[in-house]
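S.K.: Pasting the sequence and the predicted coordinates here, then a few questions.
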Amino acid sequence: MNIEDKLYQTRFNLDTISHIEVDIRVCENCPDKPCLYVCPVQNYKLKDGKLSFEWSSCIECGACRVACEWGAVAWNYPRGGFGVSLRYG
Amino acid sequence: MQKKFDAIVVGAGPAGSTAALLLARSGLNVVLFERGEYAGAKNMFGGILYPRGNLDRLLPDFRKAAPLERCVTWQLITLLTPDAALSLDFKDDGFAQPPYNGFTLLRSKFDRWYAQKAQEAGALLIPETVVDDLLWDNHRVIGIKARRDEGEIYGDVVVVADGVNSLLARKAQLRKDFSAAQFSVAVKELLTLPSATIEGRFNLKKDEGVANLFIGSFTEGIPGGGFLYTNKASLSLGLVVSLKGLQEKKISVVELLESFKKHPKIKELIKDATLKEYSGHMIPEGGLSMVPRLYGGGILLTGDATGLVCSTGITLEGMNFAIASGVAAAETVKEAKGRGDYSQKSLAHYQSRLEESFVLQDLRHFRRAPDFLANPRLYQIYPEVACKLARRFFQVDGQPKKKLLHLVREETKGKVSLWQLVRDGIQAIRAML
């Protein structure tokens, strides 16, 4: 089962604005790209060698915030009530 | 809306709800902010709540009243190789009797119920509200700034319980930014399975449960392991792995979980179970060295926001530490109110309370555990060696037998030197024993 299928069951209250901004110009100089490996939902991907970031299925764990040492990730919580909303936890 | 409270608590997780509950019970005017749609919306775990000495004192009827899943009477630590498993296996029916030991639960349900208890005691619970910043008067915290119109709310003291990512702890300059080495990332699948099937498969009595931890080469040498907990009608399955390890090995945590699930032993345990929720979270695992200053003028830090999680490898305790820190925070605030003094000096009793309790004592006793648990040989080599030794111990192949130490030397040759074995043994003893 791929990650998109797994996330189908997870509940989100999707906002219209992203709570995380990634400056991908900074990513061009990053040799390691730890974000690709630490994100539990693989929001960070390499597409044609360039880093792409998709925020809507973010589960707000904070791993990318800690892993990125280049300051490319401007991390914050979503607006109150928005984002992931777990039913089981 | 009221603008001034005796106490402001940020985060309605176990630490925050505890503080709010106790402060409300003492007659203080408390507001409890929660950024999720409801308390528990942002929380998950694969774990056990150990209620003794904390929750059972706050809410003596918790066994009947709280939405608990199963009472854990069976605990295993399994060393897993591709084709073998060696376990430390402990079953104790006594754990199912008062005062109990631990329970599995579903955080979304439990945290929601627990925050409601704080509400019933008189705390004002305000969900769907992010607290972005603190308000200051010189070096004292005097309130918070919520992310809404007219979001300035004032309080004599702010109890910060906003979780592992605590942005407030950083803003209060009580916490430096942490490094990847101090965190693990957890991924979890909640898999539903009928309770009768669970009881049959795991040979459990009704309401009783099993907790199984796994370590082995399935984490590709990355410190961490897998877990499987039984809930009433579901299984919590997942992995907890070092953030730094994932970066170094350049392996995705998502892929690690997939290979873990494909292991024959795991596959048979989760057979026919249906995925109902996928989630992830970070766990502070740096131990004592990670814990920052816990208080300042008008401010106290509690729970995961401080890194107060005790991970010795065998036991993993976060919720009870959070609850205990909430208790200590509430007692400190009550005392400070009596003096009318919320200065840093007055709130310093928080630190001494934690030092008297198991919270800081355990973290101190096990302060070497994080380094020990970061030893890659624990995951890549020793489980395999242990399983090979067990095989040779149990196998009868018609050849003359060799004694144990000889077997140890044979199975470790080329994988780990005797010197390294001794050093790792000493490190283990110093960290754990």
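M.R.: All right, it came through fine. Numbers count the residues shown, from 1 in each chain, chains lettered A, B, ... in the order given.

S.K.: and residue B:351, how far is that from chain A?
M.R.: The gap separating residue B:351 from chain A is 26 Å, by CB to the nearest CB, to the nearest Å. For every residue, glycine as well, the C-beta is placed using N, CA and C.

S.K.: What is the burial count for that residue?
M.R.: Per other CB atoms under 10 Å in any protein chain shown, the neighbour tally for residue B:351 reads 16.

S.K.: excluding its backbone neighbours, what's nearest it?
M.R.: Spatially, and ignoring its direct neighbours in sequence, residue B:351 is nearest to residue B:294 (5.7 Å; CB to CB, 6 or more residues apart in numbering or on different chains).

S.K.: Now for the one you found: which residues touch it?
M.R.: Shown in contact with residue B:294 (CB atoms under 8 Å, 6 or more residues apart in numbering or on different chains): B:174, B:300-301, B:306, B:350-351, B:354.

S.K.: Just the ones of these in helices?
M.R.: B:350-351, B:354 (DSSP state H).

S.K.: Now tabulate those in CSV and tack on pLDDT and distance to residue B:92.
M.R.: Formatted as CSV, those follow (pLDDT from 0 to 100; distance: CB to CB, whole Å):
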residue, pLDDT, distance to residue B:92
B:350, 95, 35
B:351, 91, 35
B:354, 90, 29
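
S.K.: May I have the beta-bridge partners of residue A:13?
M.R.: residue A:83 (DSSP bridges).

S.K.: Count the neighbours of the residue of the stretch 201-350 of chain B at minimum distance from chain A for me.
M.R.: Nearest residue of the stretch 201-350 of chain B to chain A (CB to the nearest CB) works out as residue B:280 at 2.9 Å. Using other CB under 10 Å, residue B:280 has 26 neighbouring residues.

S.K.: Which helix or strand contains it?
M.R.: strand B:274-284 (DSSP states H and E).

S.K.: Downstream of that strand, the next helix or strand is which one?
M.R.: Following strand B:274-284 in sequence, per DSSP H and E, is strand B:295-296.

S.K.: Rounded mean pLDDT for that next one, please.
M.R.: The pLDDT scores in strand B:295-296 average 94.

S.K.: Could you do stretch B:181-194 as well?
M.R.: Mean pLDDT, computed over stretch B:181-194, is 95.

S.K.: and residue B:203, helix, strand or coil?
M.R.: coil (DSSP: H, G, I helix; E, B strand; the rest coil).

S.K.: Per-residue pLDDT of it, please?
M.R.: Looking at residue B:203, its pLDDT stands at 96.

S.K.: Report all helices and strands that the helix or strand of chain B with the lowest mean pLDDT contacts.
M.R.: Across the helices and strands of chain B, mean confidence by mean pLDDT, DSSP states H and E is lowest for strand B:310-311: a mean of 70. Helices and strands touching strand B:310-311, as assessed by 3 or more CB pairs under 8 Å, 6 or more residues apart in numbering or on different chains; DSSP states H and E, comprise strand B:316-317, helix B:369-373.

S.K.: export the ones you listed to a markdown table and tack on mean pLDDT, mean neighbour count and distance to residue B:333?
M.R.: Below are the helices and strands packed on strand B:310-311 laid out as a markdown table (pLDDT from 0 to 100; neighbours: other CB atoms under 10 Å in any protein chain shown; distance: least, CB to CB, whole Å):
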| stretch | mean pLDDT | mean neighbour count | distance to residue B:333 |
| --- | --- | --- | --- |
| strand B:316-317 | 84 | 21 | 24 |
| helix B:369-373 | 85 | 20 | 30 |
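
S.K.: and of the ones you listed, who's closest to chain A?
M.R.: With CB to the nearest CB as the measure, helix B:369-373 is the member of the helices and strands packed on strand B:310-311 nearest chain A (15.6 Å).

S.K.: just checking, what packs against the next helix or strand after that closest one?
M.R.: Using DSSP H and E, the helix or strand that follows helix B:369-373 towards the C-terminus is helix B:377-380. Helix B:377-380 is packed against strand B:208-216, helix B:418-432, with contacts defined by 3+ CB pairs under 8 Å, 6+ apart.

S.K.: could you give the mean pLDDT of the last one?
M.R.: By that I understand helix B:418-432. What helix B:418-432 shows for mean pLDDT is 88.

S.K.: Tell me which residues are up against that helix.
M.R.: Counting by CB under 8 Å, 6+ apart, B:312-314, B:366, B:368-369, B:371-373, B:375, B:377-378, B:382, B:409, B:412, B:416 sit against helix B:418-432.

S.K.: Quick check: the two most widely separated of those residues?
M.R.: The two members of the contacts of helix B:418-432 with the most space between them (CB to CB) are B:366 and B:409, at 31.2 Å.

S.K.: who's more crowded, those two?
M.R.: Using other CB under 10 Å, the more surrounded residue of residue B:366 and residue B:409 is residue B:366, with 20 against 12.

S.K.: Now do that one against residue B:392, distance only.
M.R.: Using CB to CB, to the nearest Å, residue B:366 is found at 33 Å from residue B:392.

S.K.: same check, this time on residue B:341
M.R.: If you measure residue B:341 against residue B:392 using CB to CB, the figure is 67 Å.

S.K.: Those two - which one has more neighbours?
M.R.: A side-by-side neighbour count of residue B:341 and residue B:392, using other CB under 10 Å, places residue B:392 first with 17 against 12.

S.K.: Tell me the helices and strands packed up against the helix or strand hosting the more buried one.
M.R.: Taking DSSP H and E as the definition, residue B:392 sits inside helix B:382-394. When contacts are defined as 3+ CB pairs under 8 Å, 6+ apart, helix B:382-394 sits against strand B:68-81, strand B:84-91, strand B:208-216, helix B:404-412.

S.K.: can you put the ones you listed in JSON lines and add distance to residue B:138 and mean pLDDT?
M.R.: Listed next are these as JSON lines, based on distance: least, CB to CB, whole Å; pLDDT from 0 to 100:
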{"stretch": "strand B:68-81", "distance to residue B:138": "45", "mean pLDDT": "96"}
{"stretch": "strand B:84-91", "distance to residue B:138": "54", "mean pLDDT": "95"}
{"stretch": "strand B:208-216", "distance to residue B:138": "48", "mean pLDDT": "97"}
{"stretch": "helix B:404-412", "distance to residue B:138": "61", "mean pLDDT": "86"}
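
S.K.: Thank you, goodbye.
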